[in-house]
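Novice: Okay, sequence plus prediction incoming.
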Amino acid sequence: MAAELHVALVAADREVWSGEATLVVARTTSGDIGVMPGHQPLLGVLESGPVTIRTSDGGTVVAAVHGGFVSFADNKLSLLAEIAELSDEIDVQRTERELERAKAEGDAAAERRADVRLRAAAAR
Amino acid sequence: MGAQLRVYKRRIRSVTATKKITKAMEMIAASRVVKAQRKVAASTPYAQELTRAVTAVGTGSNTKHPLTTQAETVTRAAVLLLTSDRGLAGAFNSNAIKAAEQLTERLEREGKQVDTYIVGRRGVAHYNFRERKIAEQWSGFTDEPAYGDAKKVAAPLIEAIEKETADGGVDELHIVYTEFVSMMTQNAVEARLLPLSLDEVAEETATKGEILPLFDFEPSAEDVLDALLPRYVESRIYNALLQSAASKHAATRRAMKSATDNAGELINTLSRLANAARQAEITQEISEIVGGSAALADATAGSDK
(Lines give C-alpha, C1' and ligand atoms only; values in the text may rest on other atoms or scores of the structure.)
Protein backbone atom coordinates (compact mmCIF):
# COMPACT_ATOMS: atom_id res chain seq x y z
CA MET A 1 0.00 0.00 0.00
CA ALA A 2 1.24 3.42 -0.90
CA ALA A 3 2.11 5.78 1.92
CA GLU A 4 -0.64 8.18 2.84
CA LEU A 5 -0.90 11.66 4.19
CA HIS A 6 -3.79 13.11 6.09
CA VAL A 7 -5.37 16.12 4.43
CA ALA A 8 -7.65 18.68 6.03
CA LEU A 9 -9.13 21.32 3.77
CA VAL A 10 -10.47 23.98 6.10
CA ALA A 11 -12.38 27.13 5.24
CA ALA A 12 -12.88 29.98 7.69
CA ASP A 13 -16.33 28.84 8.72
CA ARG A 14 -16.26 25.07 8.20
CA GLU A 15 -14.18 22.02 7.45
CA VAL A 16 -14.65 21.38 3.75
CA TRP A 17 -12.95 18.04 3.30
CA SER A 18 -10.66 15.76 5.23
CA GLY A 19 -9.28 12.33 4.54
CA GLU A 20 -6.30 10.32 3.40
CA ALA A 21 -4.50 11.13 0.18
CA THR A 22 -1.42 10.16 -1.76
CA LEU A 23 -0.79 13.42 -3.55
CA VAL A 24 -1.92 17.01 -3.18
CA VAL A 25 -1.24 19.66 -5.78
CA ALA A 26 -1.79 23.29 -4.85
CA ARG A 27 -0.76 26.63 -6.26
CA THR A 28 1.49 28.75 -4.07
CA THR A 29 2.65 32.25 -4.85
CA SER A 30 5.87 30.83 -6.28
CA GLY A 31 4.27 28.17 -8.43
CA ASP A 32 2.44 24.87 -8.27
CA ILE A 33 3.61 22.53 -5.58
CA GLY A 34 2.94 18.85 -5.19
CA VAL A 35 3.07 17.27 -1.77
CA MET A 36 3.47 13.55 -1.30
CA PRO A 37 3.80 11.59 1.94
CA GLY A 38 7.09 12.23 3.67
CA HIS A 39 7.55 15.72 2.26
CA GLN A 40 9.70 18.14 4.17
CA PRO A 41 7.76 20.34 6.63
CA LEU A 42 6.36 23.16 4.57
CA LEU A 43 4.46 26.37 5.10
CA GLY A 44 3.38 28.26 2.01
CA VAL A 45 1.07 30.99 0.86
CA LEU A 46 -1.62 29.85 -1.57
CA GLU A 47 -2.82 31.70 -4.61
CA SER A 48 -6.38 31.52 -5.84
CA GLY A 49 -6.53 28.33 -7.80
CA PRO A 50 -7.79 24.79 -7.96
CA VAL A 51 -6.36 22.30 -5.48
CA THR A 52 -6.19 18.69 -6.58
CA ILE A 53 -6.21 15.95 -3.99
CA ARG A 54 -5.56 12.40 -5.11
CA THR A 55 -7.25 10.28 -2.46
CA SER A 56 -5.81 6.98 -1.34
CA ASP A 57 -8.74 5.03 -2.78
CA GLY A 58 -7.84 6.26 -6.25
CA GLY A 59 -10.36 9.07 -6.52
CA THR A 60 -9.67 12.72 -7.15
CA VAL A 61 -11.05 15.64 -5.22
CA VAL A 62 -10.82 19.07 -6.77
CA ALA A 63 -11.57 22.22 -4.81
CA ALA A 64 -11.52 25.90 -5.67
CA VAL A 65 -9.48 27.70 -3.06
CA HIS A 66 -9.32 31.48 -2.79
CA GLY A 67 -6.21 32.57 -0.97
CA GLY A 68 -4.88 30.93 2.13
CA PHE A 69 -2.08 28.71 3.32
CA VAL A 70 -0.75 25.24 3.01
CA SER A 71 1.10 23.70 5.90
CA PHE A 72 2.59 20.25 6.04
CA ALA A 73 4.19 18.51 9.00
CA ASP A 74 4.19 14.98 10.42
CA ASN A 75 2.41 13.65 7.35
CA LYS A 76 -0.49 15.98 8.06
CA LEU A 77 -1.36 18.53 5.44
CA SER A 78 -3.63 21.47 6.23
CA LEU A 79 -5.03 23.66 3.54
CA LEU A 80 -6.40 26.82 5.10
CA ALA A 81 -8.54 29.03 2.96
CA GLU A 82 -10.88 31.88 3.62
CA ILE A 83 -13.21 30.47 1.00
CA ALA A 84 -13.00 26.94 -0.33
CA GLU A 85 -15.49 24.94 -2.33
CA LEU A 86 -15.40 21.38 -3.58
CA SER A 87 -15.86 21.08 -7.33
CA ASP A 88 -19.20 19.31 -6.97
CA GLU A 89 -20.52 22.11 -4.78
CA ILE A 90 -19.96 24.61 -7.53
CA ASP A 91 -22.95 25.65 -9.58
CA VAL A 92 -21.45 26.07 -13.05
CA GLN A 93 -24.28 28.10 -14.50
CA ARG A 94 -24.38 30.50 -11.63
CA THR A 95 -20.63 30.91 -11.72
CA GLU A 96 -20.75 31.62 -15.44
CA ARG A 97 -23.28 34.34 -14.78
CA GLU A 98 -21.03 35.69 -12.06
CA LEU A 99 -18.12 35.70 -14.46
CA GLU A 100 -20.13 37.65 -17.03
CA ARG A 101 -21.21 40.16 -14.45
CA ALA A 102 -17.71 40.55 -13.05
CA LYS A 103 -16.35 41.15 -16.53
CA ALA A 104 -19.05 43.71 -17.25
CA GLU A 105 -18.39 45.54 -13.99
CA GLY A 106 -14.63 45.25 -14.32
CA ASP A 107 -14.39 43.63 -10.88
CA ALA A 108 -11.05 41.86 -11.23
CA ALA A 109 -11.25 40.01 -7.89
CA ALA A 110 -14.70 38.60 -8.57
CA GLU A 111 -13.66 37.68 -12.09
CA ARG A 112 -10.68 35.75 -10.81
CA ARG A 113 -12.80 33.97 -8.19
CA ALA A 114 -15.35 32.91 -10.78
CA ASP A 115 -12.59 31.79 -13.13
CA VAL A 116 -10.99 29.60 -10.45
CA ARG A 117 -14.36 28.07 -9.67
CA LEU A 118 -14.99 27.25 -13.31
CA ARG A 119 -11.57 25.71 -13.71
CA ALA A 120 -12.09 23.58 -10.61
CA ALA A 121 -15.50 22.51 -11.85
CA ALA A 122 -14.08 21.64 -15.28
CA ALA A 123 -11.36 19.48 -13.72
CA ARG A 124 -13.66 17.14 -11.88
CA MET B 1 -69.16 44.38 36.54
CA GLY B 2 -67.61 46.84 38.94
CA ALA B 3 -65.05 49.41 37.89
CA GLN B 4 -62.33 47.84 40.06
CA LEU B 5 -62.84 44.41 38.57
CA ARG B 6 -62.80 45.77 35.04
CA VAL B 7 -59.45 47.46 35.64
CA TYR B 8 -57.93 44.22 36.93
CA LYS B 9 -59.29 42.22 34.02
CA ARG B 10 -57.81 44.69 31.56
CA ARG B 11 -54.39 44.54 33.19
CA ILE B 12 -54.45 40.74 33.22
CA ARG B 13 -55.20 40.75 29.48
CA SER B 14 -52.32 43.09 28.69
CA VAL B 15 -49.82 41.20 30.86
CA THR B 16 -50.90 37.92 29.24
CA ALA B 17 -50.20 39.39 25.80
CA THR B 18 -46.77 40.59 26.94
CA LYS B 19 -46.02 37.19 28.41
CA LYS B 20 -46.78 35.53 25.09
CA ILE B 21 -44.36 37.85 23.32
CA THR B 22 -41.52 37.36 25.81
CA LYS B 23 -42.06 33.61 25.76
CA ALA B 24 -41.76 33.61 21.96
CA MET B 25 -38.61 35.75 22.14
CA GLU B 26 -37.14 33.39 24.71
CA MET B 27 -37.69 30.40 22.44
CA ILE B 28 -36.30 32.19 19.39
CA ALA B 29 -33.19 33.19 21.34
CA ALA B 30 -32.75 29.64 22.63
CA SER B 31 -32.73 28.23 19.11
CA ARG B 32 -30.33 30.94 17.95
CA VAL B 33 -27.87 30.21 20.75
CA VAL B 34 -27.58 26.64 19.54
CA LYS B 35 -27.02 27.82 15.98
CA ALA B 36 -24.44 30.38 17.07
CA GLN B 37 -22.64 27.80 19.18
CA ARG B 38 -22.49 25.50 16.19
CA LYS B 39 -20.93 28.29 14.16
CA VAL B 40 -18.31 28.87 16.84
CA ALA B 41 -17.48 25.18 16.72
CA ALA B 42 -17.33 25.16 12.91
CA SER B 43 -14.85 28.02 12.87
CA THR B 44 -12.53 26.35 15.38
CA PRO B 45 -10.50 24.10 13.01
CA TYR B 46 -9.51 27.08 10.88
CA ALA B 47 -8.57 29.19 13.90
CA GLN B 48 -6.58 26.33 15.40
CA GLU B 49 -4.63 25.58 12.24
CA LEU B 50 -3.95 29.26 11.73
CA THR B 51 -2.68 29.68 15.28
CA ARG B 52 -0.44 26.66 14.79
CA ALA B 53 0.95 28.15 11.61
CA VAL B 54 1.57 31.52 13.30
CA THR B 55 3.39 29.79 16.13
CA ALA B 56 5.42 27.80 13.63
CA VAL B 57 6.61 30.89 11.79
CA GLY B 58 7.16 32.81 14.98
CA THR B 59 9.29 30.18 16.62
CA GLY B 60 10.87 28.78 13.46
CA SER B 61 12.34 32.01 12.18
CA ASN B 62 13.76 35.24 13.50
CA THR B 63 11.54 37.31 11.31
CA LYS B 64 10.61 40.74 12.57
CA HIS B 65 7.26 42.08 11.57
CA PRO B 66 5.44 45.29 12.53
CA LEU B 67 2.55 43.19 13.77
CA THR B 68 4.67 41.23 16.23
CA THR B 69 7.14 43.81 17.47
CA GLN B 70 6.33 46.02 20.39
CA ALA B 71 6.75 49.71 19.65
CA GLU B 72 9.16 51.42 22.03
CA THR B 73 6.76 54.16 22.94
CA VAL B 74 3.10 53.45 22.46
CA THR B 75 1.30 56.70 21.76
CA ARG B 76 -1.94 55.49 20.27
CA ALA B 77 -4.03 52.38 20.80
CA ALA B 78 -7.13 51.14 19.07
CA VAL B 79 -9.97 49.54 21.01
CA LEU B 80 -12.48 47.43 19.15
CA LEU B 81 -15.73 47.04 21.07
CA LEU B 82 -18.24 44.38 20.08
CA THR B 83 -21.84 45.04 21.10
CA SER B 84 -25.15 43.98 19.59
CA ASP B 85 -27.56 45.79 17.31
CA ARG B 86 -30.57 45.16 19.47
CA GLY B 87 -31.18 45.36 23.18
CA LEU B 88 -33.49 43.25 25.34
CA ALA B 89 -30.48 41.26 26.42
CA GLY B 90 -30.16 42.18 30.06
CA ALA B 91 -26.77 43.58 30.97
CA PHE B 92 -25.05 42.18 27.89
CA ASN B 93 -24.29 45.48 26.18
CA SER B 94 -23.70 47.55 29.28
CA ASN B 95 -21.17 45.00 30.54
CA ALA B 96 -19.23 45.11 27.28
CA ILE B 97 -19.37 48.91 27.20
CA LYS B 98 -18.26 49.12 30.82
CA ALA B 99 -15.30 46.84 30.12
CA ALA B 100 -14.34 48.99 27.14
CA GLU B 101 -14.56 52.15 29.22
CA GLN B 102 -12.37 50.69 31.94
CA LEU B 103 -9.82 49.62 29.35
CA THR B 104 -9.90 53.06 27.71
CA GLU B 105 -9.39 54.71 31.05
CA ARG B 106 -6.45 52.45 31.86
CA LEU B 107 -4.81 53.06 28.50
CA GLU B 108 -5.29 56.80 28.86
CA ARG B 109 -3.70 56.71 32.30
CA GLU B 110 -0.71 55.07 30.66
CA GLY B 111 -0.50 58.10 28.41
CA LYS B 112 -1.93 56.50 25.29
CA GLN B 113 -4.40 58.10 22.99
CA VAL B 114 -7.33 55.78 22.33
CA ASP B 115 -9.22 55.33 19.06
CA THR B 116 -12.50 53.51 19.50
CA TYR B 117 -13.93 51.20 16.85
CA ILE B 118 -17.40 49.88 17.53
CA VAL B 119 -19.47 47.02 16.15
CA GLY B 120 -23.20 47.07 16.92
CA ARG B 121 -25.79 49.82 17.15
CA ARG B 122 -26.08 49.73 20.95
CA GLY B 123 -22.45 50.62 21.45
CA VAL B 124 -22.59 53.29 18.76
CA ALA B 125 -25.68 54.83 20.35
CA HIS B 126 -24.01 54.83 23.77
CA TYR B 127 -20.95 56.65 22.47
CA ASN B 128 -22.91 59.05 20.28
CA PHE B 129 -25.15 60.04 23.17
CA ARG B 130 -22.08 60.99 25.18
CA GLU B 131 -20.63 62.71 22.15
CA ARG B 132 -17.49 60.63 22.17
CA LYS B 133 -15.52 60.15 19.04
CA ILE B 134 -15.84 56.85 17.19
CA ALA B 135 -13.07 56.09 14.72
CA GLU B 136 -15.18 53.64 12.75
CA GLN B 137 -18.44 51.77 13.27
CA TRP B 138 -20.23 48.79 11.80
CA SER B 139 -23.66 47.35 12.37
CA GLY B 140 -26.25 45.07 10.85
CA PHE B 141 -24.54 41.69 11.19
CA THR B 142 -24.14 41.14 14.92
CA ASP B 143 -26.83 38.47 15.12
CA GLU B 144 -25.25 36.22 12.53
CA PRO B 145 -21.77 37.39 11.62
CA ALA B 146 -20.17 35.94 8.49
CA TYR B 147 -16.47 35.72 7.77
CA GLY B 148 -16.82 38.55 5.28
CA ASP B 149 -18.02 40.81 8.10
CA ALA B 150 -14.94 40.00 10.15
CA LYS B 151 -12.79 40.89 7.15
CA LYS B 152 -14.63 44.20 6.80
CA VAL B 153 -13.99 45.03 10.45
CA ALA B 154 -10.37 43.88 10.37
CA ALA B 155 -9.35 45.78 7.23
CA PRO B 156 -9.22 49.35 8.66
CA LEU B 157 -7.71 48.07 11.89
CA ILE B 158 -4.86 46.32 10.11
CA GLU B 159 -4.40 49.37 7.94
CA ALA B 160 -4.21 51.58 11.02
CA ILE B 161 -1.65 49.38 12.72
CA GLU B 162 0.55 49.23 9.64
CA LYS B 163 0.58 53.00 9.31
CA GLU B 164 3.28 55.02 11.03
CA THR B 165 2.14 56.45 14.34
CA ALA B 166 2.97 59.97 13.17
CA ASP B 167 0.52 59.61 10.27
CA GLY B 168 -2.33 58.61 12.55
CA GLY B 169 -1.54 54.92 12.83
CA VAL B 170 -1.94 52.95 16.04
CA ASP B 171 0.61 50.88 17.94
CA GLU B 172 -1.67 48.54 19.79
CA LEU B 173 -4.95 46.84 19.10
CA HIS B 174 -7.24 45.75 21.89
CA ILE B 175 -10.52 43.96 21.53
CA VAL B 176 -13.43 43.91 23.99
CA TYR B 177 -16.04 41.23 23.47
CA THR B 178 -18.30 38.92 25.43
CA GLU B 179 -16.90 35.47 25.90
CA PHE B 180 -19.39 32.64 25.74
CA VAL B 181 -18.66 30.32 28.64
CA SER B 182 -21.98 28.53 28.94
CA MET B 183 -25.70 29.16 28.57
CA MET B 184 -25.69 30.81 31.99
CA THR B 185 -22.31 32.53 32.00
CA GLN B 186 -21.00 35.10 29.57
CA ASN B 187 -18.14 37.38 30.50
CA ALA B 188 -17.09 40.65 28.95
CA VAL B 189 -13.38 40.20 28.31
CA GLU B 190 -10.64 42.31 26.83
CA ALA B 191 -7.61 41.04 25.00
CA ARG B 192 -4.64 42.60 23.29
CA LEU B 193 -4.67 41.39 19.73
CA LEU B 194 -1.61 43.23 18.46
CA PRO B 195 1.30 43.38 18.74
CA LEU B 196 1.13 39.69 18.94
CA SER B 197 3.07 38.02 21.68
CA LEU B 198 4.07 34.66 20.33
CA ASP B 199 4.40 33.12 23.77
CA GLU B 200 0.77 33.78 24.47
CA VAL B 201 -0.22 32.38 21.12
CA ALA B 202 1.79 29.26 21.80
CA GLU B 203 0.07 28.93 25.15
CA GLU B 204 -3.33 29.11 23.52
CA THR B 205 -2.67 26.29 21.13
CA ALA B 206 -3.42 22.82 22.27
CA THR B 207 -0.02 21.86 20.90
CA LYS B 208 1.76 23.33 23.89
CA GLY B 209 5.09 21.75 24.63
CA GLU B 210 5.21 20.09 21.27
CA ILE B 211 8.36 20.81 19.31
CA LEU B 212 7.37 22.21 15.99
CA PRO B 213 9.22 20.91 12.97
CA LEU B 214 11.62 23.08 11.04
CA PHE B 215 9.42 24.42 8.29
CA ASP B 216 10.40 25.11 4.76
CA PHE B 217 8.80 28.47 3.94
CA GLU B 218 7.33 29.07 0.56
CA PRO B 219 8.18 31.67 -0.80
CA SER B 220 9.93 33.03 2.36
CA ALA B 221 9.34 33.36 6.08
CA GLU B 222 8.71 37.12 5.76
CA ASP B 223 6.15 36.67 3.02
CA VAL B 224 4.39 33.90 4.87
CA LEU B 225 4.21 36.02 8.02
CA ASP B 226 3.03 38.98 5.97
CA ALA B 227 0.15 36.96 4.61
CA LEU B 228 -0.51 35.05 7.80
CA LEU B 229 -0.87 37.80 10.39
CA PRO B 230 -3.75 39.72 8.82
CA ARG B 231 -5.58 36.40 8.41
CA TYR B 232 -4.85 35.63 12.04
CA VAL B 233 -6.32 38.96 13.14
CA GLU B 234 -9.37 38.38 10.96
CA SER B 235 -9.89 34.95 12.35
CA ARG B 236 -9.60 36.23 15.93
CA ILE B 237 -12.12 38.98 15.21
CA TYR B 238 -14.40 36.45 13.52
CA ASN B 239 -14.21 34.23 16.56
CA ALA B 240 -14.94 37.19 18.86
CA LEU B 241 -17.92 38.19 16.71
CA LEU B 242 -19.32 34.67 16.84
CA GLN B 243 -18.85 34.42 20.59
CA SER B 244 -20.46 37.81 21.08
CA ALA B 245 -23.42 36.72 18.98
CA ALA B 246 -23.82 33.49 20.96
CA SER B 247 -23.52 35.41 24.23
CA LYS B 248 -26.07 37.97 23.11
CA HIS B 249 -28.59 35.29 22.29
CA ALA B 250 -27.95 33.54 25.60
CA ALA B 251 -28.37 36.84 27.46
CA THR B 252 -31.59 37.56 25.56
CA ARG B 253 -32.89 34.12 26.39
CA ARG B 254 -32.19 34.65 30.07
CA ALA B 255 -33.67 38.15 30.13
CA MET B 256 -36.78 36.97 28.33
CA LYS B 257 -37.12 33.98 30.61
CA SER B 258 -37.16 36.17 33.71
CA ALA B 259 -39.56 38.55 31.97
CA THR B 260 -41.88 35.62 31.25
CA ASP B 261 -41.60 34.41 34.83
CA ASN B 262 -42.33 37.87 36.17
CA ALA B 263 -45.33 38.21 33.88
CA GLY B 264 -46.64 34.87 35.17
CA GLU B 265 -46.27 36.04 38.74
CA LEU B 266 -47.96 39.33 37.95
CA ILE B 267 -50.88 37.50 36.35
CA ASN B 268 -51.26 35.36 39.48
CA THR B 269 -51.29 38.39 41.78
CA LEU B 270 -53.71 40.26 39.56
CA SER B 271 -56.08 37.27 39.33
CA ARG B 272 -56.15 37.03 43.12
CA LEU B 273 -56.93 40.73 43.40
CA ALA B 274 -59.59 40.40 40.73
CA ASN B 275 -61.16 37.45 42.56
CA ALA B 276 -61.16 39.41 45.81
CA ALA B 277 -62.74 42.36 44.04
CA ARG B 278 -65.40 40.14 42.49
CA GLN B 279 -66.13 38.52 45.84
CA ALA B 280 -66.34 41.90 47.54
CA GLU B 281 -68.78 43.01 44.89
CA ILE B 282 -70.98 39.95 45.44
CA THR B 283 -70.87 40.38 49.21
CA GLN B 284 -71.83 43.98 48.85
CA GLU B 285 -74.73 43.12 46.56
CA ILE B 286 -76.00 40.48 48.98
CA SER B 287 -75.83 42.82 51.94
CA GLU B 288 -77.59 45.47 49.90
CA ILE B 289 -80.40 43.05 49.03
CA VAL B 290 -80.68 41.76 52.58
CA GLY B 291 -80.59 45.27 53.95
CA GLY B 292 -83.17 46.42 51.39
CA SER B 293 -85.60 43.59 52.10
CA ALA B 294 -85.20 44.07 55.88
CA ALA B 295 -86.00 47.75 55.46
CA LEU B 296 -89.00 46.86 53.30
CA ALA B 297 -90.21 44.30 55.88
CA ASP B 298 -89.86 46.87 58.64
CA ALA B 299 -91.83 49.41 56.59
CA THR B 300 -94.71 47.00 55.83
CA ALA B 301 -94.79 45.76 59.44
CA GLY B 302 -95.18 49.38 60.56
CA SER B 303 -98.01 50.18 58.13
CA ASP B 304 -100.08 47.14 59.26
CA LYS B 305 -100.63 48.60 62.66
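Specialist: Looks like it arrived, so ask away. The structure presented is a predicted model; accordingly, all values stated were derived computationally and were not measured. Numbers count the residues shown, from 1 in each chain, chains lettered A, B, ... in the order given.
Novice: Is the one helix or strand residue B:296 maps to positioned near chain A?
Specialist: Using DSSP states H and E, residue B:296 sits within helix B:221-304. Yes: contact of helix B:221-304 with chain A (C-beta under 8 Å from any C-beta of the partner chain) involves B:223, B:224, B:227, B:228, B:231, B:234, B:235, B:238. C-beta: built from backbone N, CA, C; applies to glycine.
Novice: how far away is residue B:80 from residue B:30?
Specialist: Applying C-beta to C-beta, to the nearest Å, the value for residue B:80 to residue B:30 is 28 Å.
Novice: So between these two, which is more surrounded?
Specialist: Set residue B:80 next to residue B:30 and count neighbours by other C-beta atoms under 10 Å in any protein chain shown: residue B:80 wins out with 25 against 17.
Novice: could you give the angle of the host helix or strand of that one to helix B:221-304?
Specialist: Assessed by DSSP H and E, residue B:80 sits inside strand B:76-82. Counting by axes from the mean of the first three to the mean of the last three C-alpha atoms, to 10 degrees, strand B:76-82 points 50 degrees away from the direction of helix B:221-304.
Novice: what's downstream of strand B:76-82, the next helix or strand?
Specialist: helix B:92-109.
Novice: Run the chain-centre distance for that next one.
Specialist: Computed by C-alpha atoms, centre = their mean, to the nearest Å, the chain-centroid distance of helix B:92-109 equals 14 Å.
Novice: still on that earlier bit, quick one: work out the angle between the helix holding residue B:296 and helix B:92-109.
Specialist: Between the axes of helix B:221-304 and helix B:92-109, defined by the same axes, to 10 degrees, the angle is 130 degrees.
Novice: who touches the one residue in chain A that gets nearest to chain B in this structure?
Specialist: Minimum separation of chain A from chain B (C-beta to the nearest C-beta) falls at residue A:44, amounting to 3.2 Å. Residues in contact with residue A:44 (C-beta atoms under 8 Å, 6 or more residues apart in numbering or on different chains) are A:26, A:28, A:29, A:30, A:33, A:69, A:70, A:71, B:217, B:218, B:219, B:224.
Novice: go on, residue B:245?
Specialist: So residue B:245 contacts B:36, B:39, B:84, B:142, B:143, B:144, B:145 (C-beta under 8 Å, 6+ apart).
Novice: mind redoing it with 7 Å?
Specialist: Going by C-beta atoms under 7 Å, 6 or more residues apart in numbering or on different chains, residue B:245 touches B:36, B:142, B:143, B:144, B:145.
Novice: which SS class is the fourth one?
Specialist: Here residue B:144 takes the coil state, with states given by DSSP: H, G, I helix; E, B strand; the rest coil.
Novice: element containing the residue of chain A closest to chain B?
Specialist: Going by DSSP H and E, residue A:44 is part of strand A:42-46.
Novice: Can you tell me which of the contacts of residue B:245 are buried?
Specialist: With burial judged by 16 or more other C-beta atoms under 10 Å in any protein chain shown, the buried subset of these is B:36, B:142, B:143, B:145.
Novice: Among these, which pair sits farthest apart?
Specialist: B:36 and B:142 (10.7 Å; C-beta to C-beta).
Novice: Surely residue B:151 is in contact with residue B:234?
Specialist: Yes: counting by C-beta atoms under 7 Å, residue B:151 touches residue B:234, with 5.5 Å between them.
Novice: and those two? which has more neighbours close in?
Specialist: Neighbour count, other C-beta under 10 Å: between residue B:151 and residue B:234, residue B:234 has more, with 23 against 19.
Novice: quick one, domains of chain A?
Specialist: A:5-87, A:89-122 (automatic domain parsing).
Novice: The longest one: end-to-end distance?
Specialist: One end of domain A:5-87 sits 21 Å from the other (C-alpha to C-alpha, to the nearest Å).
Novice: Next, the residue nearest the centre of chain A: secondary structure please.
Specialist: Nearest to the geometric centre of chain A sits residue A:51, at 3.0 Å (C-alpha atoms, centre = their mean). Under three-state DSSP, residue A:51 falls in the strand class.
Novice: Is the residue lying closest to residue B:267 once chain neighbours are set aside in a helix, a strand, or coil?
Specialist: In this structure, residue B:267 finds its nearest non-sequential neighbour in residue B:15, 5.3 Å apart by C-beta to C-beta, 6 or more residues apart in numbering or on different chains. Per three-state DSSP, the local secondary structure of residue B:15 is helix.
Novice: Output the lowest mean pLDDT helix or strand found in the chain.
Specialist: Picked chain A for this. Within chain A, confidence by mean pLDDT, DSSP states H and E is lowest for helix A:108-122 among all helices and strands, at a mean of 76.
Novice: ah, no, chain B please
Specialist: helix B:198-204 (a mean of 62).
Novice: thinking again about what came up before, and the contacts of residue B:245 as CSV, adding pLDDT?
Specialist: Output for these, formatted as CSV (pLDDT from 0 to 100):
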residue, pLDDT
B:36, 91
B:142, 87
B:143, 86
B:144, 87
B:145, 89
